[in-house]
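Asks: Sequence below, structure please.
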Amino acid sequence: MKVNKIIAVKLLLSLAIMVGFTSCSKKSDSKGGSKATGWKINDKKGGFQYASKFKKQATGPGLVMVEGGTFTMGKVQDDVMHDWNNTPNQQHVMSFYMDETEVTNVMYMEYLDWLKRVFPPDQENYKNIYEGASPDTLVWRNRLGYNETMTENYLRHPAYAEYPVVGVNWIQATEFAKWRTDRVNEKILEEQRYLKKDSKVTDVSADKVFSTDAYLASPSTAMGGDDKIVLKKGQKGGKAPAKAAAAGSTNTQGNSARNVYAQRTSGLILPEYRLPTEAEWEYAAAADVGQREYNSYKGQKKYPWSGDYTRSGKRQVRGDQLANFKQGKGDYGGIAGWSDDGADITNKVKSYPPNDFGLYDMAGNVAEWVADVYRPMVDDEANDFNYYRGNVYMKDKIGEDGKVELVTAETQKFDTLSNGKIVSRNFPGQIAQVPVDDKETYLRQNFDKSDNRNYRDGDKQSTRYFKFGSSEEGDEKGKLRDDQRMYDSPKHNVSTDSLGNMIKKYDKSNKRTTLINDDVRVYKGGSWRDRAYWLDPAQRRYFPQDIATDYIGFRCAMSRVGPKADKKKRARN
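Replies: The predicted structure follows:
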């Protein structure tokens with residue numbers, strides 16, 4: 001009897017221990033508990049703070065999602081030019097977002113208006129900012145043509161508000177994308193009560209400019225360090241709404257006394273707006289997603305739409321042109337009363353059907369800048385994933401106090417372009433940038449220097465141990481002699497004398513054999529000035545990054561973080 005009681009007690013103790021372990025296990029796996037330590041995440045008393053309820057990246061204003069995949073880049077049906085710069089190669093691009101339309105005049109004018117209010121051109125410190133960002137309206141002029149109406153009206157007249165902006169060079173387009181990034185994230189943080197309501201309008205000034213990177217690096221010093229604008233969680237006006245809805249996002253952040261500012265871990269701040277890479281643009285324009293046949297996948301699709309013709313085959317609109325382009329010599333839009341494409345110059349965005357990704361005007365209307373530096377070949381042997389030539393790696397400049405240095409009106413840098421135009425390299429409130437150095441590159445295998453634009457290009461700079469900036473290696477510090485440059489392009493130079501007068505030196509050498517250098521960028525797609533030959537997404541051309549035209553515009557892209565697509569999880573066997 002006594003033995004049975006002892007056994008029963010032992011069984012009860014074992015059962016109690018098992019129940020205890022089970023309850024502990026359940027407790028560690030319970031909602032809000034860490035799978036690594038069992039500690040509670042987003043505890044109000046402190047500890048690790050994380051956006052554990054994050055669902056997916058918000059779609060920024062103006063963007064549509066492009067699901068990534070593989071495609072044959074550079075495959076063209078017609079190659080009558082025999083450029084040898086469209087060699088087919090298999091590439092894969094990650095999912096990303098792209099502007100539904102080209103950037104329009106009214107969108108760009110919003111940018112100019114903001115610059116004019118924040119950096120008044122009549123002040124000496126800021127006199128070159130507004131002018132440097134303004135489109136070149138003289139691109140419409142022609143020696144033997146009367147186009148003054150467009151010169152005076154195209155950018156600003158409301159009749160052209162929804163037309164694609166032109167006269168914008170590559171540098172200006174990239175600066176617009178940076179500005180757009182900051183304005184979108186500024187609005188999101190304002191909606192989430194991390195910034196004072198309406199501060200982006202009422203409190204905007206040169207010394208209180210919001211920069212996404214500056215806010216993430218040091219929120220308390222962003223926007224001039226004004227804590228009446230940069231709010232904390234729990235501060236008056238700083239309590240986030242119960243249901244976050246930032247630009248359509250379902251992201252939320254756990255409440256915490258410690259996590260008083262928005263951070264990367266909040267999931268609220270969007271990645272940067274930027275120009276799409278050439279691979280991204282071509283992939284998005286071809287839109288093979290709507291045509292699953294094997295031939296389409298291998299690059300046999302000629303236009304952003306299905307079929308080998310530029311006219312619609314649909315019954316209701318049969319015969320209508322599917323893009324805005326030059327029909328023939330002296331024919332930009334057909335005859336009166338029977339207009340082929342409905343336009344003689346550019347046309348209002350969304351005037352033609354979108355492709356299968358929902359993108360408009362990926363052929364015709366205006367050609368578009370992409371991010372890449374031009375080279376006659378795409379080096380798929382070096383990389384076939386998210387291909388891009390143009391990487392110049394930079395890092396935040398750290399001051400003597402160990403903190404990041406912000407650009408001020410006194411430290412702001414300006415660049416004088418080869419055509420004499422002065423543009424701002426950075427803006428007050430942004431983090432000053434410097435090239436990466438040995439601290440980031442030592443013993444690395446994936447990159448070994450800051451400037452990688454000419455990597456594997458055959459010239460001396462492509463070698464691993466080329467000495468950049470050495471006076472022994474060039475005619476001036478940091479510059480190469482003609483016999484050291486692979487591409488013998490013109491070397492135009494603009495400088496100023498002791499009185500501040502601009503001196504322009506145009507390279508008239510008859511020894512130049514090419515226009516290719518590290519400052520020419522790819523542009524894609526046909527325009528209102530081009531024949532149908534250039535509507536093929538795989539066609540590629542190049543133009544100096546500091547010169548604008550009346551037929552090149554641009555649209556922005558944004559990288560996607562997280563899964564490739566918003567699909568339900570596949571069922572497991």
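Asks: what comes up buried for stretch 371-380?
Replies: Residues A371, D372, V373, Y374, R375, V378, D380 are the ones in stretch 371-380 that count as buried (16 or more other Cβ atoms under 10 Å). Every residue, glycine included, has its C-beta placed from N, CA and C.
Asks: try stretch 442-461
Replies: Counting neighbours by 16+ other Cβ under 10 Å, stretch 442-461 gives D448, K449, S450, D451, N452, R453, N454, Y455, D457, Q461 as buried.
Asks: Hmm, the fourth one is touching V436, no?
Replies: No - proximity of D451 to V436 does not meet the contact threshold set by Cβ atoms under 8 Å, at 9.7 Å.
Asks: Nearest to I398 among the buried residues of stretch 442-461?
Replies: Using Cβ to Cβ, S450 is the member of the buried residues of stretch 442-461 that lies nearest I398, at 16.1 Å.
Asks: And the closest one, its phi and psi?
Replies: phi -70, psi -50 (degrees, to the nearest 10).
Asks: tell me the contacts of it?
Replies: If a contact means Cβ atoms under 8 Å, 6 or more residues apart in numbering, then S450 has V392, Y393, M394, P435, V436, D437 as its contacts.
Asks: what residues are up against the last one?
Replies: Spelled out, it's D437. S450.
Asks: gap between it and K395?
Replies: Applying Cβ to Cβ, to the nearest Å, the value for D437 to K395 is 8 Å.
Asks: Please enumerate the helices of the protein.
Replies: Taking DSSP state H as the criterion, the chain contains helices spanning 2-28, 105-118, 127-133, 148-153, 170-191, 199-202, 212-217, 278-286, 294-297, 438-441.
Asks: where does the stretch 301-450 of the chain have low pLDDT?
Replies: For the stretch 301-450 of the chain, the stretches with pLDDT under 70 are 315-317, 319, 339.
Asks: quick one, strands of it?
Replies: Secondary structure of the stretch 301-450 of the chain (DSSP state E, counting those that start in this stretch): strands at 334-335, 338-339, 367-373, 394-396, 414-416, 422-424, 433-435.
Asks: so what does the longest one touch, helix or strand wise?
Replies: Okay, so that is strand 367-373. helix 170-191, helix 278-286, strand 520-524, strand 552-553 (3 or more Cβ pairs under 8 Å, 6 or more residues apart in numbering; DSSP states H and E).
Asks: deepest of the ones you listed, which one?
Replies: strand 552-553 (a mean of 30; mean count of other Cβ atoms under 10 Å).
Asks: what's the average pLDDT for that one?
Replies: Strand 552-553 carries an average pLDDT of 98.
Asks: Tell me the strands beside that strand, with direction?
Replies: In the sheet, strand 552-553 lines up against strand 367-373 (parallel) (DSSP bridges).
Asks: Compute the inter-axis angle for the partner strand and strand 520-524.
Replies: Between the axes of strand 367-373 and strand 520-524, defined by axes from the mean of the first three to the mean of the last three Cα atoms, to 10 degrees, the angle is 140 degrees.
Asks: And strand 367-373, how far out from the chain middle?
Replies: Centre-to-centre, strand 367-373 and its host chain are 11 Å apart (Cα atoms, centre = their mean, to the nearest Å).
Asks: between that strand and helix 278-286, how many degrees?
Replies: Using the same axes, to 10 degrees: strand 367-373 against helix 278-286 is 150 degrees.
Asks: Can you give the contact residues for strand 367-373?
Replies: 102, 170, 173-174, 274-278, 280-281, 388-390, 453, 518-527, 530, 534, 541, 551-555.
Asks: doesn't R375 make contact with D457?
Replies: Yes - contact criterion Cβ under 8 Å: D457 and R375 qualify, at 6.5 Å.
Asks: so who does V184 touch?
Replies: Per Cβ under 8 Å, 6+ apart, neighbours of V184: G60, P61, A247, L270, Y273.
Asks: 10 Å instead?
Replies: For V184, the contact set (Cβ atoms under 10 Å, 6 or more residues apart in numbering) comprises 58, 60-63, 212, 246-247, 269-270, 272-273, 558.
Asks: One more: G526?
Replies: Contacts of G526 by Cβ under 10 Å, 6+ apart are 303, 310, 323-326, 362-367, 532-537, 539, 541, 551.
Asks: Could you report the neighbour count for the nearest residue to it once chain neighbours are set aside?
Replies: Leaving aside its chain neighbours, G526 sits nearest to W534 (3.6 Å; criterion: Cβ to Cβ, 6 or more residues apart in numbering). By other Cβ atoms under 10 Å, 20 other residues sit near W534.
Asks: Do I have it right that W534 meets G364?
Replies: Yes - in terms of Cβ atoms under 10 Å, W534 counts as a neighbour of G364; the distance is 8.8 Å.
Asks: hmm, back to that, for the residue nearest to G526, report the pLDDT, please.
Replies: In this prediction, W534 has a pLDDT value of 94.
Asks: Quick check: the gap between it and I431.
Replies: From W534 to I431 the distance is 40 Å (Cβ to Cβ).
Asks: related to what we said a few turns ago, just name the most buried of the strands of the stretch 301-450 of the chain.
Replies: strand 367-373 (a mean of 26).
Asks: and the angle from it to helix 170-191?
Replies: Going by the same axes, to 10 degrees, strand 367-373 makes 90 degrees with helix 170-191.
Asks: how about strand 367-373 as PDB, C-alpha atoms only?
Replies: What follows is strand 367-373, C-alpha atoms only, in PDB (Å, rounded to 0.1, in the frame of the first residue of the first chain):
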ATOM      1  CA  ALA A 367      11.900  58.400 -74.400                       C
ATOM      2  CA  GLU A 368      13.000  58.000 -70.700                       C
ATOM      3  CA  TRP A 369      16.200  58.300 -68.700                       C
ATOM      4  CA  VAL A 370      17.400  55.200 -66.800                       C
ATOM      5  CA  ALA A 371      20.000  55.000 -64.200                       C
ATOM      6  CA  ASP A 372      22.800  53.100 -66.100                       C
ATOM      7  CA  VAL A 373      26.000  54.500 -67.500                       C
END
